[in-house]
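In: Fold the following for me, if possible:
(one chain, ligands or ions: 1)
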Amino acid sequence: MLTPRLECIVSHVRGRVVGDIGCDHAYVPIQLVESGRAERVIASDLNRGPLEAARRNIEKHGFSDRIETRLGGGLSVLAPNEADVIIIAGMGGELIEEMLRADEETAKKSHLILQPMNSQYELRKFLILNGYKIAAEDMALEGFKVYNVIEAHFGGAEPFEREFDYQIPPCLYGHRYFKNLYAKKKREFEKIVHGLENASDYNKEKYELYKYFLKELNEIENI
Ligand SMILES: C[S@@+](CC[C@H](N)C(=O)[O-])C[C@H]1O[C@@H](n2cnc3c(N)ncnc32)[C@H](O)[C@@H]1O
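Out: Here you go, the predicted model:
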């Protein structure tokens with residue numbers, strides 16, 4: 001049984017060859033093959049420990065012929081065009097951005113399923129400013145925690161109309177976990193604004209940006 005976050009990621013994947021970067025336990029690759037959502041998976045990790053655990057789990061489920069493990073950092077384990085879908089999940093938005101920048105050619109040739117644990121605003125900006133289209137977004141809820149899942153591919157980037165939309169894209173309005181995301185964002189923006197109000201090195205630009213985010217947030221409270 002997968003957690004809601006991993007279930008949500010799996011539900012967005014369908015491919016012949018799928019790359020799971022930072023696979024850790026390999027729960028996602030196993031579920032992808034078991035459910036028929038992927039024919040083959042390349043499961044990679046930077047560290048030997050998690051990759052060993054992945055290998056044992058894959059073997060236990062009898063999928064060693066369909067899930068290949070590779071040791072290495074980011075997308076460097078894949079050749080361009082090798083995987084039609086690439087998953088990068090459970091990592092910080094900045095690290096995900098770093099990986100996409102480092103192996104741009106590979107990133108641009110696959111459909112991307114990204115699940116950033118933070119810096120979602122910055123990651124959306126990076127994607128769109130670098131020519132990626134955000135094809136879909138989804139959310140999962142575990143306890144009080146909301147997780148974002150972003151589907152993107154290179155080409156046909158559509159910049160959002162307002163700066164605020166990079167924080168909460170309009171496609172998430174009406175999502176069953178919208179209220180949870182709303183509450184999380186409100187707490188985050190208020191904390192930043194209060195922090196800046198009390199900071200000795202007052203950052204006017206950032207303060208005004210987050211005041212604007214709070215104002216926009218209030219306007220969508222009851223949508
Ligand atoms: C928090 S776990 C997430 C595991 C899984 N993707 C998930 O969503 O549950 C992060 C995993 O990524 C691996 N990792 C960290 N940096 C990496 C990198 N640059 N390239 C590949 N794997 C990395 C870690 O060793 C760890 O197993």
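
In: From now on I want contacts and neighbour counts done on CA atoms only, so please keep to that.
Out: Fine.

In: The nearest residue to residue 197 once chain neighbours are set aside: neighbour count?
Out: In space, and not counting its chain neighbours, residue 197 is closest to residue 207: 7.8 Å by CA to CA, 6 or more residues apart in numbering. By the criterion of other CA atoms under 10 Å, residue 207 has 18 neighbours.

In: I'd assumed residue 207 was in a helix, is it?
Out: Yes: judged by DSSP: H, G, I helix; E, B strand; the rest coil, residue 207 forms part of a helix.

In: Does it touch residue 196 like I think?
Out: Yes: Residue 207 is in contact with residue 196 according to CA atoms under 8 Å; the separation is 6.3 Å.

In: list the contacts for the residue nearest to residue 197?
Out: Contact analysis of residue 207 by CA atoms under 8 Å, 6 or more residues apart in numbering lists 193, 196-197.

In: Likewise for residue 114?
Out: With CA under 8 Å, 6+ apart, residue 114 has these contacts: 87-89, 96, 149-152.

In: Just the CA atoms of the longest helix out of those in the chain, as CSV, please.
Out: Scanning the chain for the longest helix, with DSSP state H as the assignment, gives helix 178-197. Extracted in CSV, the C-alpha atoms of helix 178-197 (Å, rounded to 0.1, in the frame of the first residue of the first chain):
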residue,chain,number,x,y,z
PHE,A,178,-7.5,23.5,-2.1
LYS,A,179,-8.6,24.6,1.5
ASN,A,180,-5.5,22.8,2.9
LEU,A,181,-3.2,24.5,0.4
TYR,A,182,-4.9,27.8,1.1
ALA,A,183,-4.3,27.4,4.9
LYS,A,184,-0.7,26.4,4.3
LYS,A,185,0.0,29.4,2.0
LYS,A,186,-1.7,31.8,4.4
ARG,A,187,0.5,30.6,7.3
GLU,A,188,3.6,30.8,5.1
PHE,A,189,2.9,34.4,3.7
GLU,A,190,1.9,35.7,7.2
LYS,A,191,5.1,34.3,8.7
ILE,A,192,7.2,35.9,6.0
VAL,A,193,5.5,39.3,6.3
HIS,A,194,5.7,39.3,10.1
GLY,A,195,9.4,38.2,9.9
LEU,A,196,10.2,41.1,7.5
GLU,A,197,8.3,43.6,9.6
